[in-house]
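Peer 1: take a look and give me a structure for this.
(2 chains)
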Amino acid sequence: MGAAVATHWTVHSRRFEASAATREPAWVRGILIAIALAFFALFLLLPLVTVFAEALRKGWGVYFAALVDPDARSAIFLTLLVAAIAVPLNLVFGVSAAWAIAKFNFRGKQLLTTLIDLPFSVSPVVAGLIFVLLFGAQGWFGPWLIEHDVKIIFAVPGLVLATVFVTFPFVARELIPLMEAQGQEEEEAAIVLGASGWQTFWRVTLPNIKWGLLYGVILCNARAMGEFGAVSVVSGHIRGRTNTMPLYVEILYNEYNFAAAFAVASLLALLALLTLVVKSLVGMAGPAADECRSGTLKGIP
Amino acid sequence: MSAGAARVLPGFPLALGYTLVYLSLIVLVPLSAVFLKSATQGWESFWVAISTPRVVASYQLTYGVSLLAAAINAVFGLIFAWVLVRYTFPGKRIVDALVDLPFALPTAVAGIALTAIYAGNGWLGQWLQPLGIKVAFTPLGILVALIFIGLPFVVRTVQPVLEDLSTELEEAAASLGADRWQTFHRVVLPPVLPALLTGFALAFARAVGEYGSVIFIAGNVPMVSEITPLLIITKLEQFDYPGATAIAAVMLVTSFILLFMINGLQAWANRSHGGG
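Peer 2: The predicted model follows:
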């Protein structure tokens, strides 16, 4: 796999750079590369560098003090907790939806696929609002919840619900095209040879989709830990109780405590960088490997 | 598998059933709450809530700046994808990996970072301010934030299509006497166009609903730099639930229309891409 992966990065550019007919003059190439790199530096690199520069502006002492503050620690804990509930829920859903959609034919399949993508096109603020309308004090279930002393909005369950909503499609949309491309012959063979449904899933399907699954999960996790708009609506911003890390960053920032805000933000930026590293590692070894196993390559129907 | 054939694989009723129940509970029922709640408040008050000058100004700002940001991303995203696919240069792998940064970086982090850069005393703000260019706390700041979050949509939609183009057509065009620019816009651009439009639409749809990266840099002055999602939050904080719901319904309807258009564009892109 290694050799095939390494060439992926250069194969396209080499192909086009090989002949004068598919190559631009050197000065055009230079200008285009310069434009792309300037855009990259201005819009991607500079914000990333700024996070760390601002976080360390007042030195490492202030930086670490901001991170071990009890409010910061409870925000970190809450963020991990919410992701630890939301990601597995969407993981199970994603596998189940992909199994139904990719391995079987039924009416309304296209519609179902579109509906699964729906949360991506809904504003995070609206995503938070819908749960306030359902479970808030004035919501549909509000009076019942108050009567039974159950808190959803301005409490952890609300944060989990909003996070599950915004990260809903990640795993499913990663697995559906992959499992569709792989077809169902291998699973059918296992069943015919006497394997049970679960055995087939664990021993045949899962090994085939593990990279795609990992890919979906890390993207889902990054969004779950970083979500701001939706959780902002349902959180109530109670310090030490319902503040996730992104919400805590906002509070510190609005209090002009910039060093601390950027210190907490830098943890989230590190998480983002880690996500990108894992993503490009999986992207090199992963979907390609999954697809090669099934004998199908991207772009070939 | 043909419709009549017996299903060999097990688990279809369970998988589909679970999918439908979970989808309904998490997405469909909650979303329908917006429309049912809007319907109960009566047309008159609904119309007032979605058409006051302050709300209309926020639509103009949100949709206008989102459109501009998506257009800028379409141009630079195409150049970016082109450079990544066609040329080799040092650091290309890192540049390629970091294109996804706006997907991975929490929006609030992006928001405060961009504000720090473009504020009057910021790295770029201190140079732009004397020139009379105010970015932070103006609609221009909103544009910067929306360009940031939209860029990967265009690059990642266009990139695979550029990778799959064959060299033969371009060689044929060159041998028939076309110059490089003619080849680009007559031979290369047409098959890329559906993907480019899809990327543009995805970037636009994302920008319209964006909240976290915008509110820090926007300044949030009513009628000037107040985006629609923020207005929903403001109404909620004033306990004006019907008002917030009505505006949310407008945003949802436009999201659905956009999703429908994007689906159409993607189908078109797949057809022309698959055929090539």
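
Peer 1: just the pLDDT for the residue nearest to residue B:7 when sequence neighbours are not counted.
Peer 2: The spatially closest residue to residue B:7, leaving aside those adjacent along the chain, is residue A:104, at 6.8 Å (Cβ to Cβ, 6 or more residues apart in numbering or on different chains). For glycine as for every other residue, the C-beta is placed from the backbone atoms N, C-alpha and C. Residue A:104 is assigned 92 on the pLDDT scale.

Peer 1: and stretch B:204-223, does that touch chain A?
Peer 2: Yes. Interface with chain A: stretch B:204-223 contributes B:205, B:208-212, B:216 (Cβ under 8 Å from any Cβ of the partner chain).

Peer 1: neighbours of residue A:142, just the number please.
Peer 2: 17 (other Cβ atoms under 10 Å in any protein chain shown).

Peer 1: scratch that, residue B:224 is what I was asking about
Peer 2: Residue B:224: 14 neighbours (other Cβ under 10 Å).

Peer 1: quick check, pLDDT for the nearest residue to it once chain neighbours are set aside.
Peer 2: In this structure, residue B:224 finds its nearest non-sequential neighbour in residue B:139, 7.2 Å apart by Cβ to Cβ, 6+ apart. In this model, residue B:139 is scored at 94, pLDDT.

Peer 1: contacting residues for the residue of the stretch 1-150 of chain B found nearest chain A?
Peer 2: Nearest residue of the stretch 1-150 of chain B to chain A: residue B:106, at 2.9 Å (Cβ to the nearest Cβ). Applying Cβ atoms under 8 Å, 6 or more residues apart in numbering or on different chains to residue B:106 gives the contacts A:225-228, A:245-246, A:265, A:268, A:272, B:212.

Peer 1: could you find the closest non-adjacent residue to residue A:213?
Peer 2: Nearest non-adjacent residue to residue A:213 (Cβ to Cβ, 6+ apart): residue A:175, at 6.5 Å.

Peer 1: give me the number of residues near the one you found?
Peer 2: 26.

Peer 1: tell me the contacts of the residue nearest to residue B:7?
Peer 2: By Cβ under 8 Å, 6+ apart, the neighbours of residue A:104 are B:1, B:7, B:9, B:12, B:16.

Peer 1: can you flag the buried ones in those residues?
Peer 2: By neighbour count, with 16 or more other Cβ atoms under 10 Å in any protein chain shown, the contacts of residue A:104 hold B:9, B:16 as buried.

Peer 1: with respect to residue A:49, which of the contacts of residue A:104 is nearest?
Peer 2: residue B:16 (47.6 Å; Cβ to Cβ).

Peer 1: which element, helix or strand, includes the closest residue to the closest one other than its chain neighbours?
Peer 2: Using Cβ to Cβ, 6+ apart and skipping the chain neighbours, the partner closest in space to residue B:16 is residue A:100 (4.1 Å). Using DSSP states H and E, residue A:100 maps to helix A:70-103.

Peer 1: could the C-alpha coordinates of the next helix or strand after that helix be exported in PDB?
Peer 2: Next helix or strand after helix A:70-103 toward the C-terminus (DSSP H and E): helix A:109-117. The C-alpha coordinates for helix A:109-117 follow below in PDB (Å, rounded to 0.1, in the frame of the first residue of the first chain):
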ATOM      1  CA  LYS A 109     -33.800   5.200  -0.300                       C
ATOM      2  CA  GLN A 110     -32.700   8.500  -2.000                       C
ATOM      3  CA  LEU A 111     -35.100  10.500   0.200                       C
ATOM      4  CA  LEU A 112     -33.700   8.800   3.400                       C
ATOM      5  CA  THR A 113     -30.100   9.600   2.300                       C
ATOM      6  CA  THR A 114     -31.100  13.300   1.800                       C
ATOM      7  CA  LEU A 115     -32.900  13.400   5.200                       C
ATOM      8  CA  ILE A 116     -29.800  12.100   6.900                       C
ATOM      9  CA  ASP A 117     -27.800  15.000   5.500                       C
END
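
Peer 1: what packs against helix A:109-117?
Peer 2: helix A:70-103, helix A:170-182, helix B:12-23, helix B:241-275 (3 or more Cβ pairs under 8 Å, 6 or more residues apart in numbering or on different chains; DSSP states H and E).

Peer 1: contacting residues around that helix?
Peer 2: So helix A:109-117 is contacted by A:97, A:101, A:168-169, A:172-173, A:176, B:19-20, B:23, B:27-28, B:259, B:263 (Cβ under 8 Å, 6+ apart).

Peer 1: same deal with stretch B:168-181?
Peer 2: Contacts of stretch B:168-181 (Cβ under 8 Å, 6+ apart): A:19-22, A:24-25, A:28, B:182-183, B:186-188.

Peer 1: and that stretch, how far from the chain's centre?
Peer 2: 34 Å (Cα atoms, centre = their mean, to the nearest Å).

Peer 1: still on that earlier bit, which other helices and strands contact the helix holding residue A:100?
Peer 2: Taking 3+ Cβ pairs under 8 Å, 6+ apart as the contact cut, helix A:70-103 packs with helix A:109-117, helix A:156-166, helix A:170-182, helix A:206-226, helix A:245-254, helix A:258-293, helix B:12-23.

Peer 1: now do the longest one against helix A:206-226, angle only.
Peer 2: Pointing back at helix A:258-293 there. Helix A:258-293 and helix A:206-226 are oriented at 160 degrees to each other (axes from the mean of the first three to the mean of the last three Cα atoms, to 10 degrees).

Peer 1: say whether chain B is contacted by helix A:258-293.
Peer 2: Yes. Looking at helix A:258-293 against chain B by Cβ under 8 Å from any Cβ, the contacts come from A:258, A:261-262, A:265, A:268-269, A:271-273, A:275-277, A:279-280.

Peer 1: which pair in these spans the largest distance?
Peer 2: Farthest pair in these (Cβ to Cβ) is A:258 and A:280. Separation: 31.3 Å.

Peer 1: residue contacts, residue B:234?
Peer 2: residue B:226.
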